[in-house]
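Q: would you be able to build a 3D model of this:
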Amino acid sequence: MCIPFSRVATLVFPLIIILGLYFFYLTQAYYFSTDHSYIVLRAGSPQFKFLPGFGRVVIQTDFKREDLVSDKVRDNVDQGKVKGFWFLHSKEGCELWGEQLDDCLEPVTQAKWLRLLGQTKYSIENLSRTIVGPKDSIVDSNGVSGLEQLAKTHPEFFTPKIVQSLMPWLADEAYSARSSMASVLVELARSTPELFTPEVVQSLSALLIDKNYMIRSDGAVLVLGQLIQTKPEVGRSLIALLTDKDRDVRFRAAYASEQLAKTKAESFTPEIFQSLSALLIDKDSNVRANAASALGQLAQTRPELFTSEIIQSLITLLADEEYHVRASAVSALGQLSQTRPELFTSEIIQSLTALLADRESLVRSSGALALGQLAQTRPEFFTSEIVQSLTALLTDQGSFVPCSAAFALSQLAQTRPEFFTPEIVRSLTARLTDEDSGIRSNVASALGELAQRYPGAFTREIIQSLTALLTNEDFVARSGAASALGGLAQKKPEIVQTLFILLRNGRDSNGRNGASEGLFVAALKDTSQKDFIDDELEKLVKSPQPYLRAAASQTLEMITIGDLMKEARAHPDQIGDIQSRLNDLKGLDESLHEEHLQFAAQIVLNEIDKIKSENK
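A: Residues are numbered from 1 along each chain as shown. Down below sits the predicted model:
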């Protein structure tokens with residue numbers, strides 16, 4: 001029997017079409033899936049896994065399921081919802097099956113993926129664009145961490161052109177954006193400085209002298225500071241700015257130098273330092289002031305660069321006609337006194353003392369602070385007249401002047417206590433109730449030191465005034481008086497009896513707290529009375545009166561904290577751990593109302609600082 005051709009065609013052609021579609025999907029269609037947690041590309045379609053060849057692994061990648069951005073994306077890949085065709089290509093040669101997956105990957109993994117597809121530039125630029133949102137300039141943490149990690153692990157992904165494209169972020173209005181991009185660029189400057197071409201360095205230098213330099217130079221300073229160590233031309237660029245004809249450029253370059261001294265002081269070369277120092281005689285007062293401030297910062301971080309000639313230049317500025325220049329110069333000298341005290345003479349200290357009578361309060365305050373710093377390093381040059389001049393400033397009407405004077409006196413109380421007369425101690429005691437907490441704190445510190453080092457300056461009248469302050473509601477005033485009285489107890493044991501009388505007073509909780517603090521200090525600093533104080537407190541702990549039990553227990557808690565000082569003396573190698581424990585106590589939340597523990601911790605920390613100085 002012969003079957004007509006038309007009928008055969010009717011039967012065969014559909015079969016051919018079906019087979020064609022089958023082979024087409026088998027060889028051209030794909031979908032992503034996972035195999036033993038690795039991302040793979042499978043042939044065909046996930047709906048027809050039952051067909052021969054469908055579901056076969058075409059590509060086994062090195063990327064894992066964990067590299068996908070979210071659980072939802074992981075589920076999509078697992079179910080084969082990311083699909084495409086082999087024969088489609090993008091105009092840049094990136095096969096669409098690769099592009100479809102890149103958005104599903106974590107940032108760093110995405111960069112690696114696109115690198116394999118020849119799209120490195122696209123990858124990094126795309127990643128950088130994700131760092132800051134277009135609406136509110138809030139940094140996207142995933143994008144930043146991805147770019148930072150990429151800079152650390154694969155700096156070879158970056159090119160000079162890409163680095164140049166990242167520069168605008170350093171000028172972003174949002175601090176978080178500037179800071180994050182600076183971290184990326186600093187890492188690249190460290191590992192791959194060759195990426196920073198002259199054009200990139202020029203862009204960074206331009207940010208130092210931008211009209212909004214105070215916010216736009218911070219990130220650039222960090223990057224340039226890293227580059228100076230490997231690219232000498234960066235240092236030359238900074239020197240060019242410091243010596244520019246435009247005073248605004250010099251002013252902003254000096255400001256940038258100060259920031260650089262804070263963040264990357266080791267990058268300062270003698271040549272940069274010399275150019276900065278030359279600005280101390282600049283014709284523009286603002287430039288002189290900025291240069292002095294920058295040198296003040298370097299005094300802390302690179303003191304070895306300073307010479308007696310630089311000191312003399314700063315001293316000359318103490319007579320500058322502009323008060324802000326005088327203030328900057330005296331502050332720089334004060335900072336240098338901590339690191340290069342051997343450069344200071346009695347004549348310099350007299351020059352600083354003269355500023356205590358300056359017409360401008362900022363200069364008087366800066367002068368007092370500088371003298372306080374010198375009191376620690378060159379106390380031998382101080383006189384009783386200087387102490388009296390500082391005491392007179394306790395009633396000065398200028399902003400911050402009394403506080404600065406109180407600080408200087410607190411330092412001199414440690415190094416030249418013999419200059420403190422009863423009149424001066426009386427003046428200090430009167431300021432324990434000052435409205436300014438800084439004044440109260442510094443005065444309290446001075447009285448505590450004097451009580452230990454020069455108890456003879458405390459007359460009966462002063463002791464009565466301090467005792468009255470134990471009932472003060474202000475914690476700083478009360479604890480300052482308690483610290484002084486506790487320190488005096490060794491020479492004046494009758495004070496301990498007075499403190500116990502106050503501790504037993506059931507009508508005055510402030511007085512009990514003050515007495516408790518005073519007894520703690522007395523037990524800490526006078527071991528001969530500690531046993532007596534402990535015994536009396538143990539008796540009070542058993543009292544039927546709740547307030548007495550509470551006051552005694554509180555005092556014993558502080559004395560236990562004081563025992564850490566003995567531990568520090570016996571085991572100097574454990575001082576760091578002891579200080580950490582004390583700082584934890586000092587940082588207790590105020591809502592816990594544990595001021596007595598904070599007080600005890602601070603007192604012991606102060607004593608441990610003295611132990612550390614003794615061990616040097």
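Q: now what about whatever helix or strand residue 287 lives in, what contacts it?
A: Per DSSP states H and E, residue 287 falls inside helix 285-301. The contact list for helix 285-301 (Cβ atoms under 8 Å, 6 or more residues apart in numbering) reads 247, 250-251, 254-255, 257-258, 261-262, 265, 268, 273, 276-277, 279-282, 305-306, 310, 314, 317, 320-322, 324-325, 327-329, 331-332, 334-336, 338-340. Glycine gets a C-beta too; all of them are placed from N, C-alpha and C.
Q: could you point out which element follows that helix?
A: As assigned by DSSP H and E, the chain's next helix or strand after helix 285-301 is helix 308-316.
Q: can you give me the mean pLDDT across the helix or strand following that following helix?
A: Following helix 308-316 in sequence order, the next helix or strand is helix 323-339 (DSSP H and E). On average, the pLDDT along helix 323-339 is 96.
Q: show me what the next helix-or-strand element following helix 323-339 is packed against.
A: Using DSSP H and E, the helix or strand that follows helix 323-339 in sequence is helix 346-354. Applying 3 or more Cβ pairs under 8 Å, 6 or more residues apart in numbering; DSSP states H and E, one finds that helix 346-354 contacts helix 308-316, helix 323-339, helix 361-377, helix 384-392.
Q: now the ones you listed in CSV, with mean neighbour count and distance to residue 76?
A: Formatted as CSV, these follow (neighbours: other Cβ atoms under 10 Å; distance: least, Cβ to Cβ, whole Å):
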stretch, mean neighbour count, distance to residue 76
helix 308-316, 16, 67
helix 323-339, 24, 60
helix 361-377, 24, 64
helix 384-392, 18, 74
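Q: low-scoring stretches of the protein, by residue?
A: Across the chain, the ranges flagged by pLDDT under 70 are 1-16, 18-28, 84-100, 102-103, 106-146, 614-616.
Q: got the domain ranges for it?
A: 29-105, 306-419 (automatic domain parsing).
Q: what's the closest of these to residue 232?
A: Smallest distance to residue 232 across the domains of the chain (Cβ to Cβ): 23.3 Å, for domain 306-419.
Q: so how far is the first residue of that closest one from its last?
A: End-to-end distance for domain 306-419: 32 Å, by Cα to Cα, to the nearest Å.
Q: relative to the whole chain's centre, how far out is that domain?
A: Counting by Cα atoms, centre = their mean, to the nearest Å, domain 306-419 is centred 27 Å from the centre of its parent chain.
Q: how close does residue 402 sit to residue 560?
A: As judged by Cβ to Cβ, to the nearest Å, residue 402 and residue 560 stand 37 Å apart.
Q: over to residue 597?
A: 10 Å.
Q: of those two, who's got more company?
A: Taking other Cβ atoms under 10 Å, residue 597 and residue 560 do not tie; residue 597 has more neighbours (19 against 12).
Q: would you verify that that one is located in a helix?
A: Yes: assessed with DSSP: H, G, I helix; E, B strand; the rest coil, residue 597 lies in a helix.
Q: residue 363 is in contact with residue 326, isn't it?
A: Yes: in this structure, residue 363 is within contact of residue 326 by Cβ atoms under 8 Å, at 4.9 Å.
Q: between those two, which contacts overlap?
A: Common neighbours of residue 363 and residue 326 (Cβ under 8 Å, 6+ apart) are residue 355.
Q: quick one on the thing from earlier: okay, the domains of the chain in CSV with distance to residue 462 next?
A: What follows is these, written out as CSV (distance: least, Cβ to Cβ, whole Å):
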stretch, distance to residue 462
domain 29-105, 71
domain 306-419, 14
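Q: closest to residue 186 out of the helices and strands packed on helix 346-354?
A: Nearest of the helices and strands packed on helix 346-354 to residue 186, taken as Cβ to Cβ: helix 323-339 at 26.1 Å.
Q: quick check: angle from that closest one to helix 308-316?
A: Per axes from the mean of the first three to the mean of the last three Cα atoms, to 10 degrees, the angle that helix 323-339 makes with helix 308-316 is 140 degrees.
Q: save the helices and strands packed on helix 346-354 as JSON lines, and put in distance to residue 508 too.
A: Shown next, in JSON lines, are the helices and strands packed on helix 346-354 (distance: least, Cβ to Cβ, whole Å):
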{"stretch": "helix 308-316", "distance to residue 508": "53"}
{"stretch": "helix 323-339", "distance to residue 508": "43"}
{"stretch": "helix 361-377", "distance to residue 508": "36"}
{"stretch": "helix 384-392", "distance to residue 508": "32"}
